[in-house]
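Student: Sequence first, then the predicted structure:
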Amino acid sequence: MTIRVLIVDDQMMVREGFSVLLNAMEGIEVVGEAVDGRQAIAQVAALRPDVVLMDIRMPEMNGLEATRQIVAADTDAKVLVLTTFDLDEYVYQALRAGASGFLLKDASARQLAEGVRVVAAGEALLAPSVTKRLISEFSKLSEVQRAADPSGVSELTERETEVLVLIAQGLSNGEMADRLLVAESTIKTHVSRILVKLGLRDRTQAAVYAYETRLVTPA
């Protein structure tokens, strides 16, 4: 099935460049473009893309607020944040808001296409080393960090806690299944129960939660 992509960036060259790269990839189609967050929200409602490539720093409405509103609208679109800097507080806030991951703008065509496929499949695109640095740098600066309730972890079973730690470490369902010697379907069940118990939207928010509650600490 073709993955439908919306590209959101205020720079025309970036939009056109990503559009050419992605349209050349099998199973991916760019269905629209937007120049700011406000237009992105309208395009998501009109085009129903599977993945939104979202720039953060834009006029009118930035990508952080657009991500919040797209996630709050409970659409099926997954937001993949694009940034020039891997240590960017806005990226951290976007992950908290429900973005499924992030990519640097200098990513290769292969990395870009793989990132789109990963988030479209419902996985989190979190490079563990970069994500740990993001959390370490900015969670202590964020007022919303204190909203993460560590008591929620006590609601998890021992195995669910173990799975949450592995999510934060960036492991896929398959890798977790191999590590814990269980079926991948069992891992999916654990992940679903974790999200429900902690009131989280997806794996990305679960990873951020694990760091913010100090269940996992950056190395």
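Tutor: Yes, it's here.
Student: quick one: the most centrally placed residue in the chain and D50, what's the gap?
Tutor: Centroid-nearest residue in the chain, with C-alpha atoms, centre = their mean: S100, separated by 1.5 Å. Distance, S100 to D50, by C-beta to C-beta, to the nearest Å: 11 Å. Just so you know, the C-beta spots here come from the backbone N, C-alpha and C atoms, and that holds for glycine as well.
Student: what is in contact with these two at once?
Tutor: Residues touching both S100 and D50 comprise K78, with contact defined as C-beta atoms under 8 Å, 6 or more residues apart in numbering.
Student: Looking at this structure, name the residue that lies furthest from the middle.
Tutor: Within the chain, L181 marks the point farthest from the mean C-alpha position, 26.7 Å out by C-alpha atoms, centre = their mean.
Student: what's that residue sitting at in phi/psi?
Tutor: Backbone geometry at L181, expressed as degrees, to the nearest 10, gives phi 60, psi 50.
Student: my read: the residue nearest to the centre of the chain touches K78, true?
Tutor: Yes: using C-beta atoms under 8 Å, S100 makes contact with K78 at a distance of 4.4 Å.
Student: Mutual contacts of these two, please.
Tutor: V119.
Student: longest helix of this structure?
Tutor: When the chain is scanned for its longest helix (criterion: DSSP state H), the result is helix 184-198.
Student: what residues does that helix touch?
Tutor: 152, 155-156, 159-160, 163-164, 167, 173-174, 176-177, 180, 200-203, 205-206, 209.
Student: Give me the helix or strand of this structure that scores worst on average pLDDT.
Tutor: Scoring the helices and strands of the chain by mean pLDDT, DSSP states H and E places helix 128-138 at the bottom, with a mean of 63.
Student: Could you point out the helix or strand that follows that helix?
Tutor: The helix or strand immediately downstream of helix 128-138 is helix 158-168, counting by DSSP states H and E.
Student: and that following helix, how far from the chain's centre?
Tutor: 18 Å (C-alpha atoms, centre = their mean, to the nearest Å).
Student: what angle do that helix and helix 184-198 make?
Tutor: If you take axes from the mean of the first three to the mean of the last three C-alpha atoms, to 10 degrees, helix 158-168 sits at 90 degrees to helix 184-198.
Student: For helix 158-168, list every residue counted as buried.
Tutor: 160-161, 163-164, 166-168 (16 or more other C-beta atoms under 10 Å).
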